[in-house]
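**Student:** task: produce atomic coordinates for the following.
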Amino acid sequence: MGRLRNRSNALVVILALATMVGCQGFSSSKPASQGAQPPLTGTLTATPASVTFGNVQVGTSQTQSDTLSNTGGNTLTISQAAVTGTGFSTTGLNFPITLAPGQSVSFNLVFNPQSTGSATGSLAVTNDGSNSPLNIALSATAVAAGSVTASPTSFTFGNVQVNTSQTQTETLKNSGSTNLTLSQATFSGAGFSYTGLSLPLTLAPNQSTTFAVVFAPTAVGAVNGTLSITVSGSTTTVDIALSAAGVTPATLTATPATLSFPGVQVGKSQAQTETVQNTGGLSATISQGTASGKGFSISGLGTSVTLTPGQSATFSVTFAPQSSGSSTGTVGIASNASNSNLVISLSGSATGSTQGQLSVSPATIPVGSVTVGTSGTQTGSLNATGASVTVTGVTVGSSEFAISGLTFPVTIPSGQSAGFTVTFTPQSSGLASTSASFASSATNSPAAATLTGTGVAAPAYTVSLTWVASTSPNVVGYNVYRRTGTTGSFTQINTVRDGTTAYTDSSVTDGQTYYYETTAVNSSNEESAPSPAVSAKIPAP
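**Tutor:** Numbers count the residues shown, from 1 in each chain. As a prediction, the model looks like this:
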């Protein structure tokens, strides 16, 4: 330490502190520590220091937050943040950003992939602190969009009885590579529902779920609908087509509802035809058909006969009495239809050994000449003698002849008759002959008659026209005009000018009325006024 004077006589004191190394009595020391002090420059840090997005579906985006903090001792300014790596971006940073010591700013990192695969990148944050640029590592994996597949893709329930239900199984599978959430299931179409599916439901890749689709109709009729499955994050639904029909239960009806066998001779038999039809909306299976009552039996109806809706089965019921008198019975049809035991009532009467006879009058029934394509008729009669006769049917040997006027079976008391009509409809010209055979309870059954008729070709008509020659000079020919009916215009029918005063019209139709007129034509091809019209009526066939 020294004391000096300067030129202005001011006293200047200069203190100097030196560390005297190796000098006894002197030492150096530092003040006691008061805790770590921040560096005198700004220092930028990121929390987290790296960001991993994991799996992100292509076409979607995922956002994660990050924070930039000034952990230094002086204010710093962030001037830029540059992103590298496909699909990465930032939001929430507006430059320049000034951070005082201890201050921070938060922002978002976004990954929006457009193709599958692993992705890496970096966010480089430029600042005027001690560690510029600050790098934040980025990583992610882009995966394919999830997909839900349905098996089956449609349901056909067919016919389901009203107020019952039918169930079918549906499986939904996540065939993508990311988790998917089934959020909602909705139906269109009356009567459809589902069970066993609890929503929302998340399916991992390749995971599936199985549930039941139900159709429970409350009304008759066809129904079409759709089961739509909503998948979270998807703009489309999984649509499963549905079709079904509510129908009435299977019901069997018998035609006729009852059968009667009158006047069957003891020791003989009579058979009649019975038809059972399924008039419901579901198939019916006949398991058994039985006949009860003395003398009654059935044939032609097997077991396990299935009738679809509208289908029918025909069988025979026979009455073969062994003693005279009246009999009653039933035919029972057992099935799985709503009327599981259909009953057909039977009745019959048996006569003793005295048996009537049946004759046809006349024995030959001539219908006469009939134009081909039209019909002619003639009458005949059945006559019972000795006892009442029951006629059960008739067989005619040609399709050109038909018997009408009798409803079988018909019972004719002894000494009485029943009339019928023979209709002859020839399909070609010439003589036609066949027999009609009447089955009955008579001793001479069947009784037969001969039916005859002659087919005559339909007549072909022409119209012959003549007219008085024109006295006008230079007439070289005539034109002929025709009109059908009383109204309309006339049309020329001769294609070449007629040089004579006659013309034959061969293109006429039976039953029509035609009107004709002619004109004279001169050498200059000029036509005269038409003649007065004349008419011709063609006979009907």
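**Student:** tell me the domain ranges of this protein?
**Tutor:** What automatic domain parsing lists as the domains of the chain is 44-143, 148-247, 257-274+286-351, 357-456, 463-537.
**Student:** want to throw those into JSON lines with mean pLDDT, distance to Gly280 and mean neighbour count?
**Tutor:** Bear in mind the C-beta positions are built from the backbone N, C-alpha and C, glycine included. Conversion of the domains of the chain to JSON lines gives the following (pLDDT from 0 to 100; distance: least, CB to CB, whole Å; neighbours: other CB atoms under 10 Å):
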{"stretch": "domain 44-143", "mean pLDDT": "94", "distance to Gly280": "53", "mean neighbour count": "16"}
{"stretch": "domain 148-247", "mean pLDDT": "92", "distance to Gly280": "7", "mean neighbour count": "16"}
{"stretch": "domain 257-274+286-351", "mean pLDDT": "92", "distance to Gly280": "6", "mean neighbour count": "17"}
{"stretch": "domain 357-456", "mean pLDDT": "94", "distance to Gly280": "30", "mean neighbour count": "17"}
{"stretch": "domain 463-537", "mean pLDDT": "93", "distance to Gly280": "50", "mean neighbour count": "13"}
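**Student:** now do the strands in the stretch 251-400 of the chain.
**Tutor:** For the stretch 251-400 of the chain, strands defined by DSSP state E, counting those that start in this stretch occupy the ranges 252-255, 258-265, 270-278, 284-292, 296-299, 305-307, 312-319, 325-335, 341-351, 357-361, 364-371, 376-385, 389-396.
**Student:** nope, the stretch 401-541 of the chain is what I meant
**Tutor:** Going by DSSP E, counting those that start in this stretch, the stretch 401-541 of the chain shows strands at 401-404, 410-412, 417-424, 430-440, 447-456, 463-466, 475-484, 491-492, 502-505, 513-522, 534-537.
**Student:** distance to Gly310 added to those, as JSON lines?
**Tutor:** Output for those, formatted as JSON lines (distance: least, CB to CB, whole Å):
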{"stretch": "strand 401-404", "distance to Gly310": "28"}
{"stretch": "strand 410-412", "distance to Gly310": "31"}
{"stretch": "strand 417-424", "distance to Gly310": "31"}
{"stretch": "strand 430-440", "distance to Gly310": "31"}
{"stretch": "strand 447-456", "distance to Gly310": "37"}
{"stretch": "strand 463-466", "distance to Gly310": "54"}
{"stretch": "strand 475-484", "distance to Gly310": "47"}
{"stretch": "strand 491-492", "distance to Gly310": "53"}
{"stretch": "strand 502-505", "distance to Gly310": "54"}
{"stretch": "strand 513-522", "distance to Gly310": "49"}
{"stretch": "strand 534-537", "distance to Gly310": "51"}
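**Student:** nearest to Ala313, of the ones you listed?
**Tutor:** strand 430-440 (23.4 Å; CB to CB).
**Student:** for the closest one, list the C-alpha coordinates in PDB.
**Tutor:** Extracted in PDB, the C-alpha atoms of strand 430-440 (Å, rounded to 0.1, in the frame of the first residue of the first chain):
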ATOM      1  CA  GLY A 430    -113.600 -85.400 -91.300                       C
ATOM      2  CA  LEU A 431    -115.600 -87.900 -89.400                       C
ATOM      3  CA  ALA A 432    -114.800 -88.300 -85.700                       C
ATOM      4  CA  SER A 433    -116.000 -91.000 -83.300                       C
ATOM      5  CA  THR A 434    -115.200 -92.100 -79.800                       C
ATOM      6  CA  SER A 435    -116.800 -93.700 -76.700                       C
ATOM      7  CA  ALA A 436    -118.100 -92.300 -73.400                       C
ATOM      8  CA  SER A 437    -117.900 -94.700 -70.500                       C
ATOM      9  CA  PHE A 438    -120.000 -94.100 -67.300                       C
ATOM     10  CA  ALA A 439    -118.800 -95.800 -64.100                       C
ATOM     11  CA  SER A 440    -121.500 -96.600 -61.600                       C
END
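**Student:** pairing partners for it, with directions?
**Tutor:** Here strand 430-440 is paired, per DSSP bridges, with strand 389-396 (antiparallel), strand 447-456 (antiparallel).
**Student:** got CSV for those strands, with distance to Ala257 too?
**Tutor:** Formatted as CSV, the strands paired with strand 430-440 follow (distance: least, CB to CB, whole Å):
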stretch, distance to Ala257
strand 389-396, 19
strand 447-456, 30
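**Student:** list the residues that contact the most centrally placed residue in the chain.
**Tutor:** Taking CA atoms, centre = their mean, the centroid of the chain lies closest to Ser243, which sits 7.0 Å from it. By CB atoms under 8 Å, 6 or more residues apart in numbering, the residues touching Ser243 are Ser154, Phe155, Thr156, Phe157, Ala222, Val223, Asn224, Gly225.
**Student:** beta-bridge partners for it, please?
**Tutor:** Note on Ser243: beta-bridge partners Thr156, Asn224, judged by DSSP bridges.
**Student:** what's the spacing between it and Val160?
**Tutor:** Separation of Ser243 from Val160 (CB to CB, to the nearest Å) stands at 11 Å.
**Student:** quick one: Asn70 and Gly102 touch, right?
**Tutor:** Yes - counting by CB atoms under 8 Å, Asn70 does reach Gly102; the two are 6.6 Å apart.
**Student:** list the contacts for the closest residue to Asn494 other than its chain neighbours?
**Tutor:** Closest residue to Asn494 apart from its sequence neighbours, by CB to CB, 6 or more residues apart in numbering: Val480 at 4.7 Å. Taking CB under 8 Å, 6+ apart, we find Val480 in contact with Leu465, Gln492, Ile493, Asn494, Asp498, Tyr503, Asp505, Tyr516, Glu517, Thr518.
**Student:** make it 10 Å
**Tutor:** Taking CB atoms under 10 Å, 6 or more residues apart in numbering as the contact definition, Val480 lies against 465, 467, 490-494, 497-498, 502-505, 516-519, 531.
**Student:** look up how far Ser208 lies from Thr149.
**Tutor:** From Thr149 over to Ser208 the distance is 9 Å, taken as CB to CB.
**Student:** tell me, what's touching the two both at once?
**Tutor:** Thr171, Leu172, Lys173, Asn174, Ser175.
**Student:** is the third one bridged to anything, and to what?
**Tutor:** Pointing back at Lys173 there. In this structure, Lys173 bridges to Thr149, Ser208 when assessed by DSSP bridges.
**Student:** so what's it up against?
**Tutor:** Neighbour list for Lys173: 147-151, 180, 203, 205-210 [criterion: CB under 10 Å, 6+ apart].
**Student:** which strands or helices does the host helix or strand of Ser122 pack on?
**Tutor:** Element membership for Ser122, per DSSP states H and E: strand 117-127. Using 3 or more CB pairs under 10 Å, 6 or more residues apart in numbering; DSSP states H and E, the elements in contact with strand 117-127 are strand 44-47, strand 50-57, strand 62-70, strand 76-84, strand 88-91, strand 97-99, strand 104-111, strand 134-143.
**Student:** possible to save these as JSON lines with distance to Ser381?
**Tutor:** Output for the helices and strands packed on strand 117-127, formatted as JSON lines (distance: least, CB to CB, whole Å):
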{"stretch": "strand 44-47", "distance to Ser381": "119"}
{"stretch": "strand 50-57", "distance to Ser381": "94"}
{"stretch": "strand 62-70", "distance to Ser381": "102"}
{"stretch": "strand 76-84", "distance to Ser381": "113"}
{"stretch": "strand 88-91", "distance to Ser381": "108"}
{"stretch": "strand 97-99", "distance to Ser381": "123"}
{"stretch": "strand 104-111", "distance to Ser381": "104"}
{"stretch": "strand 134-143", "distance to Ser381": "96"}
